[in-house]
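Visitor: can't give you the sequence, but here's the structure:
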């Protein structure tokens with residue numbers, strides 16, 4: 001009975017993506033406020049290259065919609081970061097940074113400009129840092 005109560009009350013909060021982004025960007029706001037800021041700053045990001053390629057209009061539209069529809073009240077449920085992720089693209093745009101995202105040994109490069117600071121991240125199917 002005691003073990004059953006412990007398991008029921010144990011709540012895992014998976015915010016590793018948001019924590020890692022805020023840490024590297026030196027953002028002081030909490031995760032919810034950070035996401036609300038990103039949603040407020042959302043725009044079609046046609047200046048960012050992903051692996052040296054421009055995104056199609058369809059991709060830009062889908063990225064914009066993904067961010068607008070993201071439910072910030074569920075940030076503790078984890079975030080399934082994609083290999084060409086809308087939030088990483090937006091962050092490059094609004095923070096003037098480049099991102100190198102290593103997913104299990106595969107590097108995805110988000111480039112705003114050659115003079116921009118590079119933020120390096122690593123992830124696998126269960127963690128982003």
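Guide: All right, it came through fine. Just so we're clear, the structure is a prediction, and the values are computed from it rather than from any experiment.
Visitor: tell me the secondary structure for the residue nearest to residue 116 when sequence neighbours are not counted?
Guide: Nearest residue to residue 116 in three dimensions, chain neighbours excluded: residue 98, at 4.8 Å (CB to CB, 6 or more residues apart in numbering). (Glycine included, C-beta is placed from N, CA and C.) Three-state call for residue 98 (DSSP: H, G, I helix; E, B strand; the rest coil): strand.
Visitor: Which parts of the lengthiest helix in the chain count as buried, going by neighbours?
Guide: For the chain, the helix reaching the highest residue count under DSSP state H is reported as helix 57-69. The neighbour-count check on helix 57-69 (16 or more other CB atoms under 10 Å) flags 59, 60, 63, 64, 67 as buried.
Visitor: check contacts around the second one.
Guide: Applying CB atoms under 8 Å, 6 or more residues apart in numbering to residue 60 gives the contacts 44, 45, 46.
Visitor: Mind checking which of those residues are buried?
Guide: Here, 16+ other CB under 10 Å leaves residue 45 buried among these.
Visitor: Mind picking the lowest-pLDDT entry from the contacts of residue 60?
Guide: Within the contacts of residue 60, residue 45 has the lowest pLDDT, namely 72.
Visitor: name the element the closest residue in space to it that isn't next to it in sequence belongs to?
Guide: Using CB to CB, 6+ apart and skipping the chain neighbours, the partner closest in space to residue 45 is residue 93 (4.4 Å). When elements are assigned from DSSP states H and E, residue 93 belongs to helix 86-95.
Visitor: one step back: so for the longest helix of the chain, what's the average pLDDT?
Guide: The model assigns helix 57-69 a mean pLDDT of 96.
Visitor: Also stretch 81-96?
Guide: Averaging the model's pLDDT scores along stretch 81-96 yields 95.
Visitor: can you pull the buried residues of that stretch?
Guide: 81, 85, 86, 87, 88, 89, 90, 91, 92, 93, 95.
Visitor: from the residues you listed, which is closest to residue 112?
Guide: Lowest distance from residue 112 to those (CB to CB) belongs to residue 92, with 4.5 Å.
Visitor: from what I can see the closest one touches residue 99, true?
Guide: Yes: proximity of residue 92 to residue 99 meets the contact threshold set by CB atoms under 8 Å, at 5.8 Å.
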